[in-house]
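*Asks:* Provided below are the primary sequence and the corresponding predicted coordinates.
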Amino acid sequence: LPTHDDVIRTRNRTCGIVETNFIFQKYTFKVFDVGGQRNERRKWIHCFEGVRAVIFITAISEYDQMLFEDPSVHRIDEALALFDEICHTRWFVRTAMILFLNKHDVFCEKLRKQPLSVYPGYHEYDGPEPPSEDDALNFFKQKFVLSAGEKRDVYVHVTCATDTDNIGRVFDSVRDLSIRVSMRDWGWE
């Protein structure tokens, strides 16, 4: 039988759009999990007019990995380009952007073996040398926030999906933000 840890570490690639509805602390949530691979995007980008929040999850640890679909493109650069596209599309003009920089544990472990300088965008880094884990994390956090545009609020969470306590705190924060956005949209602020 699989252990609790086995279940948490299971990964299932999303194809198309998967809708999940659930109730958490008396609030009903409708979550759409969409495939982020290039060939999946055309299926979903237009489907979300009127959503209150977008949760964009990227593996911060992939700064040194290439795309499966295009081995000449770094995964983190592809994530940045997609985040930029989503932030600037007409479907999400009034939508809260929530960014999960996931796999923080893997990122920190990897930085000890694979320096940030392997990332082609490293020339933009202007912090202390060599960058600490926090400096490296802030470098990527800033790249994402800047790509969203100066008029867009981005709510950034550093996550480790296998840390259930961390995910619980982050989900509480996302719930609170969703409620505030709904109240704003309904004119209750």
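*Replies:* Sure thing, it's come through.

*Asks:* which stretches of the chain aren't confidently modelled?
*Replies:* 4-16, 34-47, 49, 167, 189 (pLDDT under 70).

*Asks:* And the residue nearest the centre of it?
*Replies:* Nearest to the mean C-alpha position of the chain, by C-alpha atoms, centre = their mean, lies Ile57 at 2.2 Å.

*Asks:* hang on, that one is in a helix, isn't it?
*Replies:* No: read with DSSP: H, G, I helix; E, B strand; the rest coil, Ile57 is strand and lies in no helix.

*Asks:* quick one: contacts for it?
*Replies:* Residues near Ile57 by C-beta atoms under 8 Å, 6 or more residues apart in numbering: 100, 102, 159. For every residue, glycine as well, the C-beta is placed using N, CA and C.

*Asks:* And the last one, how far from Gln142?
*Replies:* In this case it means Thr159. Here the criterion is C-beta to C-beta, to the nearest Å. By it, Thr159 lies 18 Å from Gln142.

*Asks:* coming back round to it: show me the beta-bridge partners of the residue nearest to the centre of the chain.
*Replies:* With DSSP bridges as the criterion, Ile57 is bridged to Phe100.

*Asks:* how close does it get to Pro120?
*Replies:* 23 Å.

*Asks:* All good on my end, thank you.
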